[in-house]
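> no sequence for this one, just the structure:
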């Protein structure tokens, strides 16, 4: 019989072997007593020896082999099925946590019953005086953004306080909240899945806190290169899908029209100024795939939207 734990840390990996020593080593160094948490490593069919490395170097880590690339969303969903913790902590495989990360996050989360998640103070690993995220913001046009992204730490002095959500690179979530609202939407694969979860949580009466002493170092773009066609495809598509699920109808419509317009703009830039913008046919293909996927998912997403609006708020 599995014994309940205070926390389960989920680390989802895809060919991130070069980051794993620092990532898992930081979890071994956590100040939270070792008998109070577990680490679950979910490997999305890596081909770089990640699984063999973890089993040899970190035998205390529970390894789950997904068998295929489930993305960040599906990988974490798979890990949750094997977890025993009252708190579910997410740490990117290209991130490393400071020793008090888990204990500080859980202490903040347990400060009030309505706190469903705790956002970390995340800095860039290779530029640790510059901030990656102090939580997620929901902008007025429906976009999600990492608060304080790119700002120097010396310019930012935020105390513990409410925030819309937390960046999935370092985020601690209350298990009872996940049992109520569900975990990540696996269709999103990667990007915007953390904003979608926070949006669903707020609609059910949960709140998120930013905890400045819960610190994480993150290799931004370690999983998918920043501004690459792959990132463009998922960010463009998922921004539309998440807004179609949750935003006001005018914003949802404008976001969808905007995706189509940006596809046209990318095509024009490729034809007339491709060198200036560094565009290739892969960028056009990524934009095209994003738009096609939005419309392919439209009937189901709209059904979910109106079903959710008709459901009473249980909290």
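Structure received. On a predicted model such as this, the values are computed, not experimentally measured, just so you know.
> Touching the host helix or strand of residue 39 from outside, list them.
Under the criterion of DSSP states H and E, residue 39 resides in strand 37-43. Applying CB atoms under 8 Å, 6 or more residues apart in numbering, the external contacts of strand 37-43 come out as 5-14, 24, 27, 30, 50-51, 54, 58, 60-66, 70, 75-76, 78-79, 82-85, 89, 102. Heads up, the C-betas are built off the backbone N, CA and C, glycines and all.
> average pLDDT for the helix or strand just after that strand?
Following strand 37-43 in sequence order, the next helix or strand is helix 50-57 (DSSP H and E). Averaging pLDDT along helix 50-57 gives 98.
> Quick check: which ranges of this structure have low pLDDT?
1-3, 221-227, 309-315 (pLDDT under 70).
> element containing residue 172?
strand 170-174.
> Please apply the same query to residue 90.
Residue-wise, residue 90 maps onto strand 85-91 under DSSP H and E.
> ok, now residue 262?
Taking DSSP H and E as the criterion, residue 262 maps to helix 249-277.
> Remind me what that helix packs against, helices and strands.
Helices and strands touching helix 249-277, by 3 or more CB pairs under 8 Å, 6 or more residues apart in numbering; DSSP states H and E, are helix 229-246, helix 281-310.
> which of the residues in the shortest one are buried?
Counting neighbours by 16 or more other CB atoms under 10 Å, one finds that the buried residues in helix 229-246 are 229, 231-246.
> excluding its backbone neighbours, what's nearest residue 69?
Of all residues not flanking residue 69 in the chain, residue 44 sits nearest, at 4.3 Å (CB to CB, 6 or more residues apart in numbering).
> quick one, helices of the stretch 101-250 of the chain?
101-109, 175-181, 193-203, 229-246, 249-277 (DSSP state H, counting those that start in this stretch).
> who wins for proximity to residue 166 among these?
Residue 166 sits nearest to helix 193-203 of all those, at 6.5 Å, using CB to CB.
> circling back to that earlier point, what angle separates the strand holding residue 172 from helix 101-109?
50 degrees (axes from the mean of the first three to the mean of the last three CA atoms, to 10 degrees).
> Provide the contact partners of strand 170-174 at residue level.
7, 86-92, 95, 97, 101-102, 105-106, 109, 115-120, 122, 166, 194, 197, 206, 214, 216, 218.
> follow-up on the earlier one: within its sheet, name the partner strands of the strand holding residue 90 and how each one runs.
As defined by DSSP bridges, the strand partners of strand 85-91 come to strand 5-13 (parallel), strand 170-174 (antiparallel).
> quick one, domains of the protein?
As given by automatic domain parsing, the domain ranges for the chain are 5-218, 229-310.
> Which stretch among those domains is buried most, on average?
Per-stretch averages of neighbours, counted by mean count of other CB atoms under 10 Å, single out domain 5-218 among those, with a mean of 20.
> chain center to it, what's the gap?
7 Å (CA atoms, centre = their mean, to the nearest Å).
> Show the end-to-end separation of that domain, please.
26 Å (CA to CA, to the nearest Å).
> And for stretch 145-152?
Stretch 145-152: ends 17 Å apart by CA to CA.
> now stretch 242-260, how far from the centre of its chain.
On CA atoms, centre = their mean, the centre of stretch 242-260 falls 21 Å from that of its chain.
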